[in-house]
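>>> Structure for the following, please:
(chains A and B)
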Amino acid sequence: MRALGHLSQEQIVFGLAVLLCIGFAIALPGFLTTNNLLNLVRSVSILGMLGVAMGLVVIGRGIDLSLVALMAVSVAWTLQLVANGVPLHQAVAMGLAFSLVTGTITGCLVAYVEIPAIFATLAMGTLIYGFGRYFLLRLDVVYMPEAARHLLWLGQGTIYGVPVPIFVFAGVCLMGYLFLRYTRAGHYLRAVGDNLLAARITGIPARPVIVMQYVLSSLIGFMAGMVTAASVASMNTRVAISTYVYDVILVVVLGGIGLSGGKGGIRNVIVGTLLIGVLLNGMTIMDIQYTVQNVIKGIILLTAIVIDTIVNPRDEQTAQQGDI
Amino acid sequence: MNAIVELRNATKEYRGVPAVQDVSFALHRGEVHALLGENGAGKSTLTKMIAGVVHPTSGELWVDGQKVELGSPSDALGRGIAMVYQETSLVPSLTVAQNIYLTDDKLFHRLRGIYIAGQQFLQSLNFHVDPTAMVATLGAGQKQMVEIARAVHHNAQVIIFDEPTATLTPEEKHQFFSLVSRLKQRGVSIIFISHALEEALQIADRITVMRDGQHVVTDATSAFDREKIVRAMVGRTLSGELYGSHTDRQVRGAGEKVLSVQNLSMGNMVRNTSFSVFAGQITGVFGLIGSGRTEAAKVVAGVLKRDFFHGGQVRLNGRPVRYRVPRPAVRDGIIYVTEDRKIEGFFETMSIAENIHLGAMAAGRTKSTTVSMKEMRAIAKEWIDALNVKAINADARVIELSGGNQQKVVVAKALVQKPKLVIFDEPTRGVDVGAIAEIHHLINRLADEGIAVMVISSYLPEILQLSDRILVCRQGRIVEEFEGHRADEETIMYAAVH
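Residues are numbered from 1 along each chain as shown, chains lettered A, B, ... in the order given. The predicted structure is shown next:
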């Protein structure tokens, strides 16, 4: 393990993904075809987008468990509105507004009411799903109405033979990267995640930055939701009460974004997404049962975390510095 | 051999910096031994070596005439040495009796059993504490009784008290002293660390004074008086060479009154204190840890909030201000440079350039919503050169730097904000000697440029070397003011201790 000392978790996971790729390519004849590889990336692009949303929050030392619930309900409501005869662009605007307002509320709960993010978003997730299911939607599954068929391109179209969701994923990643690196707000977000007290003393508006995290997460979540709905021509709100949100966290943590905040970037999300994508695709080709897939995913996550703890241990000596 | 515990030529180094250097210390059987010294004199480290909490880098520990190596606090406890900390090590959600019997090697405790045993045990010590009470509901004095009871329960022959009276009310202090004498009657030996000289003179049999990690003097209490102790605590030779003489220094006059604080209060820590800071000079604030100096500064800078009622008034250039968060204070030009850079100073995963640039952005020096890499580099380079930060390049992460260079980055992040008033809280804590001189030079330059500078320190030579005016803080209040070149270590220390 010591020999791995100079490797980051990101590099370890990337190496793991490459190894898996090589393994599958040798073992599975259908794996290394252009079609399958495109399919692979396409299948995880939504997970990747949600990963970017979650990643931004986690870099800011938060966590957003309401991400998937909000995505499902806001997009399902959008489809419902279109089905009810609201013009498409107006319905999208309303769905987006619902998503952003809810994100703002969540952010305020964390930043101003000072509820720990994990509880605030857990409660909000339940609330959003319940509220949406009771007040906004008639059925669990809302199908894409005829009036919204233009949207289908977003999920099923191709550009030069490459599926559109891949472009959307790439676009979200690029925006996230530029945001974190080249904007004032992005620097503030990393600073708040790295050291909230220091950020406060430096004069960074810490609370507004925390609210912004959840607004961004709801915005990207809405985009991912639209792509999801377009891909399968419907939105199943039951995804809100599935374990999907944990898959998103898996991608983020696996990629090496530390839950303690400030660490990592968009590249980590991409690496995490790749590994999960390769793994899921290979297991699907091998026709491994869904429940067994969960076992394997869990083991991979634990392995990555254990390796990270061994390779990058917390420095206990530094804690004793002022201890005279 | 009369000593129950003896340290011979013990040295403890933290990353090559000695906290305790070649100290020999003997505790006689059945005595109360007071250990005195300034903050950072090495008292806690010395006692922690005895209690097995830290391991000496070199030197020997003898217990009961045997040479021993203590691996952990429970090893020490096994040999009858217990330490009672300032912040208690009790479990707040358990009852008194559960805490006392917590570390017994038994799988099960019958609650009824330990309550009855606890009741009898506490009574035998003459402690009026209910064994079934939850520890969280107890006052500071009672918690200390429980800690002591636990130590006695473990047949402790040596009990070390680290600042036992700091958090006690006068009534509780009285109880504590009678307890110490009862313990002494039982034949227990006691080491007593304190800032309060009168208490030491009152209850100790012998007194040891430490300074700068070294042993100064040990003698029977009757050989000391207050003045002699203070002289032993501050009289340094080493630091005199490093810092030079302060009396032949030119003292700066007061400029415009930048900050005026009146009747400021915050909880228990800041009690109705008043002071002013002027432009173009350095105002040094000396106080021991817990005297409320840091808290007062943090209230001024908006890091902490003062009491809502009767909280007092803060005026910046004559204008009353009340900050709920630091951001408006930073925008108004009040910058606080923290005493604990690791916890609230810098951003460890970000580069030097990003750290400094964040300061510039937060103070509104750059208005744009995007970050120009060129501009960020330029600002970083300017400050890295100005403060002589030693790093491979501006992209190095701050966590990789030495303590002195980390401090310089924190200072750069503050100064880039163009302050009117800078508050340096322990500016040279954990900083190497070379960097200390550079930071002092920088602080002097700031005052020469006409900025109001406030330096908080518990290191007297630093205060004397830098200050044009010296304020002394004691028990949450500024109690005395000196002119920089008139004061000397003894008078200041005399005002600061109680």
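
>>> Contact partners for whichever residue of the stretch 1-150 of chain A sits closest to chain B?
Closest to chain B within the stretch 1-150 of chain A is residue A:59: 9.6 Å, counting by Cβ to the nearest Cβ. C-beta here means a position set from N, CA and C on the backbone, and glycine is covered the same way. Applying Cβ atoms under 8 Å, 6 or more residues apart in numbering or on different chains, one finds that residue A:59 lies in contact with A:180, A:189-190, A:193, A:257, A:261-265.

>>> out of the residues you listed, which touch chain B?
The residues of the contacts of residue A:59 that also fall near chain B, by Cβ under 8 Å from any Cβ of the partner chain, are A:190, A:262-263.

>>> Next one: the residue of the stretch 51-200 of chain B found nearest chain A, what pLDDT does it get?
Closest contact between the stretch 51-200 of chain B and chain A, by Cβ to the nearest Cβ, is at residue B:54 (7.6 Å). Note for residue B:54: predicted pLDDT of 84.

>>> Show me where the chain dips below the pLDDT cut-off.
Because you didn't say which chain, this covers chain A. Scanning chain A for pLDDT under 70 picks out A:1-7, A:308, A:311-324.

>>> my bad, the chain I had in mind was chain B
For chain B, the ranges with pLDDT under 70 are B:1, B:15-16, B:86-88, B:105, B:166-169, B:235-248, B:433, B:498.

>>> rewinding a little: what are the phi and psi values at the residue of the stretch 51-200 of chain B closest to chain A?
Main-chain torsions, residue B:54, degrees, to the nearest 10: phi -120, psi 150.

>>> Grab the nearest non-local neighbour of whatever residue of the stretch 151-300 of chain A ends up closest to chain B.
Taking Cβ to the nearest Cβ, chain B has its nearest neighbour within the stretch 151-300 of chain A at residue A:203, 3.1 Å off. In space, and not counting its chain neighbours, residue A:203 is closest to residue B:330: 3.1 Å by Cβ to Cβ, 6 or more residues apart in numbering or on different chains.

>>> which element is that neighbour on?
Using DSSP states H and E, residue B:330 sits in helix B:326-331.

>>> Packing partners of that helix?
helix A:196-202, strand B:334-337 (3 or more Cβ pairs under 8 Å, 6 or more residues apart in numbering or on different chains; DSSP states H and E).

>>> any chance of these in a markdown table, plus distance to residue A:16 and mean neighbour count?
Listed next are the helices and strands packed on helix B:326-331 as a markdown table, based on distance: least, Cβ to Cβ, whole Å; neighbours: other Cβ atoms under 10 Å in any protein chain shown:
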| stretch | distance to residue A:16 | mean neighbour count |
| --- | --- | --- |
| helix A:196-202 | 32 | 24 |
| strand B:334-337 | 44 | 28 |
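
>>> mind listing what residue A:80 touches?
Per Cβ under 8 Å, 6+ apart, neighbours of residue A:80: A:136-138, A:142.

>>> In helices, which of those residues appear?
Counting by DSSP state H, these place none of their members in helices.

>>> doesn't residue B:207 fall inside a helix?
No: Residue B:207 is assigned strand when assessed by DSSP: H, G, I helix; E, B strand; the rest coil, not a helix.

>>> what's the first-to-last distance across stretch B:126-135?
Taking Cα to Cα, to the nearest Å, the first and last residues of stretch B:126-135 lie 18 Å apart.

>>> mind checking how far the single nearest residue of chain B relative to chain A is from residue B:358?
Taking Cβ to the nearest Cβ as the measure, chain B has residue B:330 as its residue closest to chain A, at 3.1 Å. Residue B:330 is 12 Å from residue B:358, where distance means Cβ to Cβ, to the nearest Å.

>>> Over to residue B:50?
Residue B:50 is 44 Å from residue B:358, by Cβ to Cβ.

>>> These two: which has the busier surroundings?
residue B:358 (28 against 24; other Cβ atoms under 10 Å in any protein chain shown).

>>> all strands for the stretch 151-300 of chain B, in order.
For the stretch 151-300 of chain B, strands defined by DSSP state E, counting those that start in this stretch occupy the ranges B:158-162, B:189-194, B:206-211, B:214-220, B:257-266, B:270-278, B:282-286.

>>> scratch that, the stretch 351-498 of chain B is what I was asking about
So, for the stretch 351-498 of chain B - with DSSP E, counting those that start in this stretch - the strands run B:421-425, B:452-457, B:469-474, B:477-483.

>>> what angle sits between the longest one and strand B:469-474?
Between the axis of strand B:477-483 and that of strand B:469-474 there is an angle of 150 degrees, by axes from the mean of the first three to the mean of the last three Cα atoms, to 10 degrees.

>>> just the shortest one next, same as before
Taking the same axes, to 10 degrees, strand B:421-425 and strand B:469-474 form an angle of 50 degrees between their directions.

>>> need the ones next to chain B among the contacts of residue A:59 in a markdown table with secondary structure and neighbour count, can you?
Converted to a markdown table, the ones next to chain B among the contacts of residue A:59 look like this (DSSP: H, G, I helix; E, B strand; the rest coil; neighbours: other Cβ atoms under 10 Å in any protein chain shown):
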| residue | secondary structure | neighbour count |
| --- | --- | --- |
| A:190 | helix | 27 |
| A:262 | coil | 23 |
| A:263 | coil | 21 |
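
>>> before we move on, back to that, by neighbours, which of the contacts of residue A:59 wins?
residue A:257 (30 neighbours).

>>> re the thing from before, dump the helices and strands packed on helix B:326-331 into TSV; add distance to residue B:407 as well.
Shown next, in TSV, are those (distance: least, Cβ to Cβ, whole Å):
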stretch	distance to residue B:407
helix A:196-202	13
strand B:334-337	9
